[in-house]
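> coords please:
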Amino acid sequence: MAIDLEFNRNEDQFKQLIGQLQHKSKKVKSGGGQKKIDEQHQKGKWTARERIEYLIDEQTDFLEVGLFAGEGMYTEYGGCPSGGVVIGLGYIKGKLTVIVANDATVKAGAWFPITAKKNLRAQEIAMENKLPIVYLVDSAGVFLPMQDEIFPDKEHFGRQFRNNAKMSAMGIIQIAAIMGSCVAGGAYLPIMSDEAMIVDKTGSIFLAGSYLVKAAIGEEVDNEKLGGATTHCEISGVTDNKFPDDKSCLDYIRSLFEKFGDSQTAGFSRTTPQMPKDKQEEILGLLPVDRVKPYDTLKIIRRLVDGSDFQEYKALYGKTIICGTARINGWAVGIVANQRSVVKNKKGEMQMGGVIYSDSADKAARFIMNCNQRKIPLVFLQDVSGFMVGSKAEHGGIIKDGAKMVNAMANSTVPKFTFIIGNSYGAGNYAMCGKAYDPRLIFAWPTAQIAVMSGGSAAKTLLQIRVSSLKAQGKTITKEEEESLLKEITDRYNEQLSPYYAASRLWVDGIIDPLETRKIISMGIEAANHSPLEKFNVGVIQT
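Here you go, the predicted structure:
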């Protein structure tokens, strides 16, 4: 009975988190709000999301990346919902494609720093997986009040044009549609694509608009004559075809995709998909929202894999990391997951769940190497507090064994997919394929927390530093003042632990309902299968 009550409590708390996620998602997807949407329609234009919905095949999924980019940022400028651009993976005439659509309801589609980062993420996905990419351009260009944070650096605005050129050399198909403004440096993006369409009367493209032309050289000319569809399709030849409206332009793009040839594949194994035998919905009751409570990760895995069939590797060794093979939606996968229940090692000693010990790091490194040799994509399920610390761990060579795991994971050439289902602290984030280690996709469940250490540990450490500093200045602090200071530090740190804080900065590609995990893994491997693998070379590993 106690177990049932705990399950129900977990489920209720998890459903509240999912309800919050759905509410936030709906708000962000409205972009600049209904008034701005109505203005788009009055101009004869569709919104970014309406364009994507029409472009992709009916009754197929659109896997959005970066929905919460910019969340809570740029408040002094009124915010920038979803970074002012919609990106993701969708099917066009059966072909999996990266789609980038500027949201003109958000500051006329202007580029904020997070917009550039999000566009580069879309190009990264296309380059890693050798997927076609479609740009639906409708942007006023760089957001000038923040030009110093978007213009000159390596990962700023100009990097996307470098990527245009690199993708062209790689043979990656790039199609662009100019469906609104396309100004200044942004004009290079569609014209560096393989084919560029433009919508008559609403689309325009030029290096400088009419006001700047007047100021620079004294010429008076309107924007349509300067860079409209007629000018660029009939006079300059800059664009390839013009269309009377959004619909006909998108229809043309679909007709192009219908004629594309097939690409090479990496040859990942796939069989007929099966649903898990154990109900996926039970994940909500099995995973505690309270991040310190233990649970059996194997029960979560069996509710994600086909037929609930999981073949565990070295089940009796290195028990704080679970490794094994399974299928997800038919695709063969290798799973590396942190075990959150308390376990016994080979000596009968108790080991804390969620902590990486020397034996578990060694096991994970060997398993990752095996998956690379066998061309099996890797899935990481993170709920990790970090590596074990203390004299016993150090004497046992935890640094060496941890480095061995990081080395194998970093040099892995099979595609990696990461899901942060709970804690993601310190070096544990790195070893379990955090964002710095190039997962093809990385998503968080609403229960995720990402930071150098837990909120409680960090707050106490920061408090000790602050109190010591005050004492060094000859100041005293009362118990009440110390408690108030601890609360202030804890509240600030906990805000940064939130998965929404991570998603707003694109440390993760999004926050999802756990029931979406199988779909994302399947679409991710399908995308990765378009890109033949490089030879695996693990480099130098100490044994």
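> so Phe419 sits right up against Leu378, yeah?
No: taking CB atoms under 8 Å as the definition, Phe419 is not a contact partner of Leu378, at 11.6 Å. (C-beta placed from N, C-alpha, C; glycine too.)
> Now do the strands for the stretch 151-300 of the chain: every range, in order, please.
Remark: strands assigned in the stretch 151-300 of the chain by DSSP state E, counting those that start in this stretch are 174-183, 195-199, 204-206, 241-243.
> Just the mean pLDDT for the last one, thanks.
Confidence for strand 241-243, expressed as mean pLDDT, is 96.
> quick one: buried residues of it?
242-243 (16 or more other CB atoms under 10 Å).
> Name the strands paired with it and say parallel or antiparallel.
Note on strand 241-243: by DSSP bridges, its sheet partners are strand 195-199 (parallel).
> And His156, how far from Ala126?
19 Å (CB to CB, to the nearest Å).
> which of those two has more neighbours?
Ala126 (26 against 19; other CB atoms under 10 Å).
> Counting neighbours, go ahead and name the busier of Phe419 and Leu378.
More crowded of Phe419 and Leu378, by other CB under 10 Å: Phe419, with 26 against 23.
> residues touching that one, list them.
379-382, 442-445, 517 (CB atoms under 8 Å, 6 or more residues apart in numbering).
> For the strands of the stretch 151-300 of the chain, could you give me TSV that also reports distance to Met73?
As requested, the strands of the stretch 151-300 of the chain are exported to TSV (distance: least, CB to CB, whole Å):
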stretch	distance to Met73
strand 174-183	23
strand 195-199	31
strand 204-206	29
strand 241-243	35
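> Now for Phe112, how many residues are close by?
Neighbours of Phe112 under the rule other CB under 10 Å: 26.
> wait, isn't it in contact with Gly83?
Yes: using CB under 8 Å, Phe112 is in contact with Gly83, at 6.6 Å.
> Tell me how many other residues crowd the residue lying closest to Val238 once chain neighbours are set aside.
In this structure, Val238 finds its nearest non-sequential neighbour in His232, 4.2 Å apart by CB to CB, 6 or more residues apart in numbering. His232: 23 surrounding residues under other CB under 10 Å.
> doesn't Asp240 make contact with His232?
No: judged on CB under 8 Å, His232 makes no contact with Asp240 at a distance of 9.2 Å.
> quick one: common contacting residues for the two?
Common neighbours of His232 and Asp240, counting by CB under 8 Å, 6+ apart, are absent.
> quick one: furthest residue from the center of the chain?
Here the centre of the chain is the reference, and by CA atoms, centre = their mean the most remote residue is Gly474, at 47.7 Å.
> That one in helix, strand or coil?
At Gly474, secondary structure determined by DSSP: H, G, I helix; E, B strand; the rest coil is coil.
> quick one on the thing from earlier: tell me which of the contacts of Phe419 is nearest to Ala326?
Within the contacts of Phe419, the smallest distance to Ala326 is 8.8 Å, found for Val379 (CB to CB).
> residues in contact with that closest one?
So Val379 contacts 328, 333-336, 416-419, 521 (CB under 8 Å, 6+ apart).
> Out of those, list just those in strands.
Here DSSP state E is the test, and the contacts of Val379 give 328, 333-336, 416-419 as lying in strands.
> What helices and strands are in contact with the helix-or-strand element of the chain with minimal mean pLDDT?
Across the helices and strands of the chain, mean pLDDT, DSSP states H and E gives its lowest value to helix 455-472, namely a mean of 74. Judged by 3 or more CB pairs under 8 Å, 6 or more residues apart in numbering; DSSP states H and E, the packing partners of helix 455-472 are helix 479-497.
> tell me the mean pLDDT for the helix or strand immediately after the helix it packs on in the chain?
Per DSSP states H and E, helix 479-497 leads on to helix 499-504 as the next helix or strand towards the C-terminus. The average pLDDT for helix 499-504 rounds to 96.
> what's in contact with helix 499-504?
Counting by CB under 8 Å, 6+ apart, helix 499-504 makes contact with 24, 66-73, 114, 420, 444-446, 448-450, 495, 508-511, all of which sit outside it.
> hmm, try it at 7 Å
Residues outside helix 499-504 that contact it (CB atoms under 7 Å, 6 or more residues apart in numbering): 68-73, 444, 446, 448, 450, 495, 508, 510-511.
> Who are the contact partners of the closest residue to Gln174 other than its chain neighbours?
Leaving aside its chain neighbours, Gln174 sits nearest to Ser193 (3.9 Å; criterion: CB to CB, 6+ apart). Residues near Ser193 by CB under 7 Å, 6+ apart: 135, 164, 174-176.
> Can you tell me which of the residues you listed has the most neighbours?
Neighbour counts for the contacts of Ser193 peak at Tyr135, which has 30 neighbours (criterion: other CB under 10 Å).
> And the residue lying closest to that residue once chain neighbours are set aside, what's its pLDDT?
Spatially, and ignoring its direct neighbours in sequence, Tyr135 is nearest to Ala176 (4.4 Å; CB to CB, 6+ apart). Looking at Ala176, its pLDDT reads 97.
> In contact with Lys279, which residues are there?
Residues counted as contacts of Lys279 (CB under 7 Å, 6+ apart) are Arg303.
> For it, give me the backbone phi and psi.
phi -60, psi 130 (degrees, to the nearest 10).
> Any figure for the gap between it and Arg303?
With distances taken as CB to CB, Lys279 is found 7 Å from Arg303.
> Out of the strands of the stretch 151-300 of the chain, flag the one nearest Ser308.
For Ser308, the closest of these is strand 174-183, at 41.5 Å, according to CB to CB.
> What strands flank that closest one, and is each parallel or antiparallel?
Using DSSP bridges, strand 174-183 pairs in its sheet with strand 133-139 (parallel), strand 195-199 (parallel), strand 204-206 (parallel).
> Contact partners for Ala410?
Ala410 touches Tyr437, counting by CB under 7 Å, 6+ apart.
> pLDDT score for it?
With respect to pLDDT, Ala410 scores 95.
> residues near the nearest residue in space to Lys247 that is not next to it in sequence, how many?
Nearest non-adjacent residue to Lys247, counting by CB to CB, 6+ apart: Tyr54, 6.9 Å away. For Tyr54, the neighbour count with other CB under 10 Å is 14.
> angle of the strand or helix carrying Tyr54 against strand 174-183?
If you go by DSSP H and E, Tyr54 is part of helix 48-55. Orientation check (axes from the mean of the first three to the mean of the last three CA atoms, to 10 degrees): helix 48-55 against strand 174-183 gives 150 degrees.
> before we move on, back to that, please work out which of the strands paired with strand 174-183 is packed deepest.
Highest mean neighbour count among these (mean count of other CB atoms under 10 Å): strand 133-139, with a mean of 27.
> where's Lys519 relative to Leu304, distance?
For Lys519, the distance to Leu304 - CB to CB - is 11 Å.
> if we can go back for a sec, now what about the least confident helix or strand of the chain, what contacts it?
With CB under 7 Å, 6+ apart, helix 455-472 has contacts from 451-452, 477, 482, 485-486, 489-490, 493-494, 497.
> how many degrees apart are it and helix 479-497 in direction?
Per the same axes, to 10 degrees, the angle that helix 455-472 makes with helix 479-497 is 140 degrees.
> that older thread, nearest to Pro288 among the ones in strands among the contacts of Val379?
Comparing the ones in strands among the contacts of Val379 against Pro288 with CB to CB places Phe419 closest, at 16.8 Å.
> How about the contacts made by the closest residue to Glu258 other than its chain neighbours?
Setting aside the residues directly before and after it, Glu258 is nearest to Lys93 in space (CB to CB, 6+ apart), at 4.6 Å. The contact partners of Lys93, by CB under 7 Å, 6+ apart, come to 57, 254, 257-258.
> In these, which residue is surrounded by the most others?
Phe257 (19 neighbours).
> who touches that one in this structure?
Counting by CB under 7 Å, 6+ apart, Phe257 makes contact with 92-93, 95.
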